[in-house]
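S.K.: Dropping a prediction and its sequence here:
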Amino acid sequence: MTHRMKFWGRQRAFYEAQLRLTLAAKKGLGDPVLGELVVLRASQLNRCAFCIDMHVGNLREAGVAQQRIDLLPAWEEAGALYSERERAALALTEAVTVLTDGFVPDEVYERAAAHFDESELAHLIAVIVAINNWNRVNVAVRQPPGQEL
């Protein structure tokens with residue numbers, strides 16, 4: 001695939017706003033590994049090679065076991081490899097990212113709400129929304145993995 005354009009360079013104000021949005025969302029989430037698992041899972045669902053490459057690297061740098069990274073697409077079947085809190089966050093990530101039914105099911109939202117207080121849940125939703133923004137732009141312009149934005 002051919003890189004279509006240097007979107008982020010042509011939209012610096014949008015890039016800076018998107019970066020501030022992402023940092024603000026992650027700031028209240030607390031656990032940086034949880035945040036990286038969430039953004040990696042959304043990026044996998046959106047097939048964003050640039051973001052997958054970046055967030056796999058971030059998880060490795062954070063010392064996350066390779067097995068946890070490798071099995072993220074099958075987190076529901078991976079048993080205790082992911083905590084209940086992580087599993088709730090990943091379920092919410094999938095529901096918010098793939099809105100095929102047009103809504104986030106109550107049981108998915110309630111599962112997340114059982115593991116995150118209201119402030120944390122708001123930050124979790126914000127992180128999911130922010131990574132979906134990054135993914136959509138990067139997929140649209142075919143941003144190559146490993147290159148500067």
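M.R.: Looks like it came in fine. Numbers count the residues shown, from 1 in each chain.
S.K.: how close does Glu16 sit to Pro73?
M.R.: Relative to Pro73, Glu16 is positioned 32 Å away (criterion: Cβ to Cβ, to the nearest Å). (Glycine included, C-beta is placed from N, CA and C.)
S.K.: Secondary structure element holding the closest residue to Lys27 other than its chain neighbours?
M.R.: Nearest residue to Lys27, sequence neighbours excluded (Cβ to Cβ, 6 or more residues apart in numbering): His123, at 7.3 Å. Using DSSP states H and E, His123 sits in helix 118-141.
S.K.: who touches that helix?
M.R.: 3-8, 18, 21-22, 24-30, 35, 38-39, 42-43, 46-48, 50-51, 89, 92-93, 96-97, 112-113, 116, 143 (Cβ atoms under 8 Å, 6 or more residues apart in numbering).
S.K.: do you know how far the residue nearest to Lys27 is from Phe14?
M.R.: Distance, His123 to Phe14, by Cβ to Cβ: 22 Å.
S.K.: These two: which has the busier surroundings?
M.R.: Legend: neighbour count by other Cβ atoms under 10 Å for His123 and Phe14, higher for His123 (20 against 13).
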